[in-house]
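Colleague: For reference, the sequence and a predicted model appear below.
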Amino acid sequence: MYTRTTLFTACLATLAAALVAVAALAVLYGRSPAIRLEMDREQVLGTSGFFPGERDRHLTFAWVGASAELRFPGLDRRVAWSCTAAIVGGRPAGLPLPALSFSADGLEVRSWQVRTIPDLIPFEIPANPTRPGVVLGIGVSSTFRPGPQDPRDLGIAFDRLACEPAGGGAMLPPRASMVRAAAAAAILGAALGLAGLPALAATGLASAAAIFQAWPLAAGMAPYHAQAVPALPFAAGLALALVFTLALIGLFRREPVPVAWRAAAAITMVALYLKALILLHPSMPIMDALFQAHRLEWVLDGRYYFTSLTPDGYQFPYGISLYLAAAPLARLVHDHVALVRLVVLAAEGAAGVCLFAMIARAWNDRRAALVALALFHATPIAQGVIGTGNLTNAFGESAAVLAVASLVLLPVTGPVWLWLLLPAVLAAVAFVAHFSTLVVLASTMAAIAVMWRWFGDAPVRRMAVRVIAALGLALALSITAFYGHFWGTYRSQAQRLAAEVRAIVAADAQATPPGEVAPAPPAAARKARPSAGRRFETMLRRTRSAFGLVFGSLALAGAVLIARSKRRDRLSLTLWAWMATLGMFSGLAVLTPLEMRYHLAVAPALAALAAAALSWSIERPAGRLIAAVVAGAVIALGARGWYAWLL
């Protein structure tokens, strides 16, 4: 039963979010109304006549046939638009270059005889204040067929098309785009209010979501086509999931869900919504997500065991638990690139909630838990891994957080079978997701057992044996089901790694006398190895890039606070285990050619440590403002990293 206060909060958050959404979209679109269509990304909606994009080294382009169209409904035509078309790609010897014509709503605005390739062709879309929107047409006077193996009739290849307002004044986004933005934000605001958040929290979070959603809704083709970014369906689906989940939990508990837990669910919903708008945006580079979709299709066809290569050329078994998780939905969602991305987002959302639960239960500090959840979703390394398409690693690390959370959250007095089964199954899912997750999570669980055994209180020390047992069971499950099929791969790669390590050690230990040429490395060494000092600098640079200077400094401050407090609870000792894992694999990156993807694995620990520092600051005079500014800066930097994918 919703109270009058809840309904008032929902109405207030709905109205505020809708108004902020319209204003934010108008401001962002007005600041950068230029249209730029690069042929390195999929631009399907609103275009016709373009063949799929191609790549020649660093050049990306797309051919058109005899004609093509680009539709921009609702485009502000109060002023003229200056456009430039960059053409590339020649024709076989003996074939004349074509003439091109550009039209706006069927009226020719420029005719151009192609004489050189590449070339830039300027043209102008005239103003038409009485008729918003434009259909830009491209005509090619003649086409050719490349050969018997390619039956396409090709006209000219475009590298990019760009248009910008020719006159001054603020441009307004299409009216339909503002309606969509307001409706999506209003749905989120209503859900946050109905979720039982306080009025200020619901209104503030809904307004923040309305501001952040303006970036993807103002980018590329999104302002002109509703299908470009499915903001409304996602907002509605996530809003319903939030409200009904909290209602069901309340009925099951027979008491209201605590406000902090409602806030955690709300933050998770908003984070997943905003990230989905980025990942499903037509301007989002597909990167390795297409590779992941193809591997999903392999698994759907019954092919479960295959390998891949590291950047240094090492073979490793390629995990499949992401594909197994996505398989039940593959028949319903035909866009498998979108499917694997959404499954990864869902797993990340679950990991964030588990991080919140660990901090709220172990430290009884729900404020720090909420801050950690927000920082977790703003971690720079996450957008880098997910954005580049390394989705199996991202899924595995989310499953790893669930496995670690089960160790921290299970009651000490719980049955042994539950202690063995739940962490083992979750860890096995993480192990089979990605090979680096297996190595890093196994090391982390071993470090947790050591920390609990050496530094924990008596009940915690006894649990260390269960952690080792769960680790052993998880390894047995993953090896039996998956990794046991790759023994030949392990032998060949171990021999190669040993040869390279011997070469590196010998090179570091010996100094070449002046005037003599250093001996050539063995054939196994593919490239010259930098010095230890240079490798250390590289490790530091990558760590800073993964977390950011502000985020890393906060985590360091939190580690100092926890060390000074001498906490011996399971979570604090687990954080130290995570830090030990970070140190160990950082050292391996410096001393050996083997570099595991360990930064994402320790991101939850750094988020928890940073949240501890901010929570401590809030309790000090004037600390609340400082904490808010610093946390806002971290979140803003993380959001900027996500939105950079659309530029």
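Modeller: Looks like it arrived, so ask away.

Colleague: and the residue lying closest to residue 322 once chain neighbours are set aside, how many residues sit next to it?
Modeller: Nearest residue to residue 322, sequence neighbours excluded (C-beta to C-beta, 6 or more residues apart in numbering): residue 395, at 4.1 Å. (Glycine included, C-beta is placed from N, CA and C.) For residue 395, the neighbour count with other C-beta atoms under 10 Å is 31.

Colleague: gap between the helix or strand hosting residue 395 and the chain center?
Modeller: Element membership for residue 395, per DSSP states H and E: helix 391-409. Counting by C-alpha atoms, centre = their mean, to the nearest Å, helix 391-409 is centred 16 Å from the centre of its parent chain.

Colleague: Following the chain past it, name the next helix or strand.
Modeller: Next helix or strand after helix 391-409 toward the C-terminus (DSSP H and E): helix 416-431.

Colleague: Mind giving me the packing neighbours of that next one?
Modeller: Applying 3 or more C-beta pairs under 8 Å, 6 or more residues apart in numbering; DSSP states H and E, we find helix 416-431 packed against helix 391-409, helix 435-455, helix 458-481.

Colleague: Buried residues in the second one, which are they?
Modeller: By neighbour count on 16 or more other C-beta atoms under 10 Å, the buried set for helix 435-455 is 435-453.

Colleague: tilt between it and helix 458-481?
Modeller: 160 degrees (axes from the mean of the first three to the mean of the last three C-alpha atoms, to 10 degrees).

Colleague: for helix 435-455, packing partners?
Modeller: helix 391-409, helix 416-431, helix 458-481, helix 570-591, helix 599-618.

Colleague: nearest to residue 72, of the ones you listed?
Modeller: Of all those, helix 391-409 sits nearest to residue 72, with 32.5 Å by C-beta to C-beta.

Colleague: tilt between the helix holding residue 395 and helix 599-618?
Modeller: Going by the same axes, to 10 degrees, helix 391-409 makes 50 degrees with helix 599-618.

Colleague: for residue 130, helix, strand, or coil?
Modeller: coil (DSSP: H, G, I helix; E, B strand; the rest coil).

Colleague: what's the spacing between it and residue 339?
Modeller: Separation of residue 130 from residue 339 (C-beta to C-beta, to the nearest Å): 44 Å.

Colleague: how about the helices and strands packed on helix 435-455 in JSON lines, adding distance to residue 229?
Modeller: What follows is these, written out as JSON lines (distance: least, C-beta to C-beta, whole Å):
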{"stretch": "helix 391-409", "distance to residue 229": "20"}
{"stretch": "helix 416-431", "distance to residue 229": "31"}
{"stretch": "helix 458-481", "distance to residue 229": "38"}
{"stretch": "helix 570-591", "distance to residue 229": "36"}
{"stretch": "helix 599-618", "distance to residue 229": "26"}
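
Colleague: Could you double-check that residue 126 lies in contact with residue 108?
Modeller: No - Residue 126 is beyond contact range of residue 108, at 11.2 Å (criterion: C-beta atoms under 8 Å).

Colleague: just to revisit the earlier point, save the helices and strands packed on helix 435-455 as CSV, and put in distance to residue 66 and mean pLDDT too.
Modeller: Formatted as CSV, the helices and strands packed on helix 435-455 follow (distance: least, C-beta to C-beta, whole Å; pLDDT from 0 to 100):
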stretch, distance to residue 66, mean pLDDT
helix 391-409, 39, 96
helix 416-431, 52, 94
helix 458-481, 54, 94
helix 570-591, 54, 91
helix 599-618, 48, 93
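
Colleague: which one of the ones you listed lies closest to residue 645?
Modeller: For those, proximity to residue 645 was assessed by C-beta to C-beta; helix 391-409 is nearest, at 14.3 Å.

Colleague: hang on, the earlier thing: who's more crowded, residue 130 and residue 339?
Modeller: Each of residue 130 and residue 339 has its neighbours counted (other C-beta under 10 Å); residue 339 has more, 20 against 7.

Colleague: element containing the more buried one?
Modeller: helix 336-362.

Colleague: Which neighbouring elements make contact with the next helix or strand after that helix?
Modeller: Scanning forward in sequence from helix 336-362 by DSSP H and E, the next helix or strand is helix 366-377. Helices and strands touching helix 366-377, by 3+ C-beta pairs under 8 Å, 6+ apart, are helix 259-279, helix 336-362, helix 599-618, helix 623-643.

Colleague: So for the helix holding residue 395, what gets flagged as buried?
Modeller: Burial within helix 391-409, assessed by neighbour count using 16+ other C-beta under 10 Å, is assigned to 391-409.

Colleague: count of neighbours near residue 127?
Modeller: For residue 127, using other C-beta under 10 Å, the count is 15.

Colleague: ok, so what distance separates the closest residue to residue 426 other than its chain neighbours from residue 601?
Modeller: In space, and not counting its chain neighbours, residue 426 is closest to residue 403: 3.9 Å by C-beta to C-beta, 6+ apart. Look at residue 403 and residue 601: by C-beta to C-beta, they are 11 Å apart.

Colleague: Common neighbours of these two, please.
Modeller: By C-beta atoms under 8 Å, 6 or more residues apart in numbering, residue 403 and residue 601 have these common neighbours: residue 441.

Colleague: Residue 69 in helix, strand or coil?
Modeller: Classification of residue 69 using three-state DSSP returns strand.

Colleague: Centre of the chain to the host helix or strand of residue 112, how far?
Modeller: Using DSSP H and E, residue 112 sits within strand 107-113. Distance of strand 107-113 from the chain centroid (C-alpha atoms, centre = their mean) equals 42 Å.

Colleague: Show me where the stretch 1-150 of the chain dips below the pLDDT cut-off.
Modeller: The stretch 1-150 of the chain contains residues with pLDDT under 70 at 1-2, 41-44.

Colleague: let's see 90
Modeller: 1-6, 31-32, 34-47, 52-61, 89-95, 115-118, 130-131, 146-150 (pLDDT under 90).

Colleague: Which parts of it are strands?
Modeller: 35-38, 47-50, 54-56, 59-72, 81-88, 99-104, 107-113, 119-125, 134-140 (DSSP state E, counting those that start in this stretch).

Colleague: coming back round to it: ok now do the residue nearest to residue 426, which residues does it touch?
Modeller: Contacts of residue 403 by C-beta under 8 Å, 6+ apart are 423, 426, 427, 429, 430, 441, 445, 474.

Colleague: I'd say the third one and residue 470 touch.
Modeller: Yes - using C-beta under 8 Å, residue 427 is in contact with residue 470, at 6.8 Å.

Colleague: got any residues that touch both of the two?
Modeller: Residues within reach of residue 427 and of residue 470 at once, by C-beta under 8 Å, 6+ apart, are residue 445.

Colleague: and the two? which has more neighbours close in?
Modeller: Using other C-beta under 10 Å, the more surrounded residue of residue 427 and residue 470 is residue 427, with 30 against 26.

Colleague: List the single closest residue to the more buried one in space, sequence neighbours excluded.
Modeller: That would be residue 474: by C-beta to C-beta, 6+ apart, it lies 3.7 Å from residue 427.

Colleague: Now for residue 621, how many residues are close by?
Modeller: Using other C-beta under 10 Å, the number of residues around residue 621 comes to 5.
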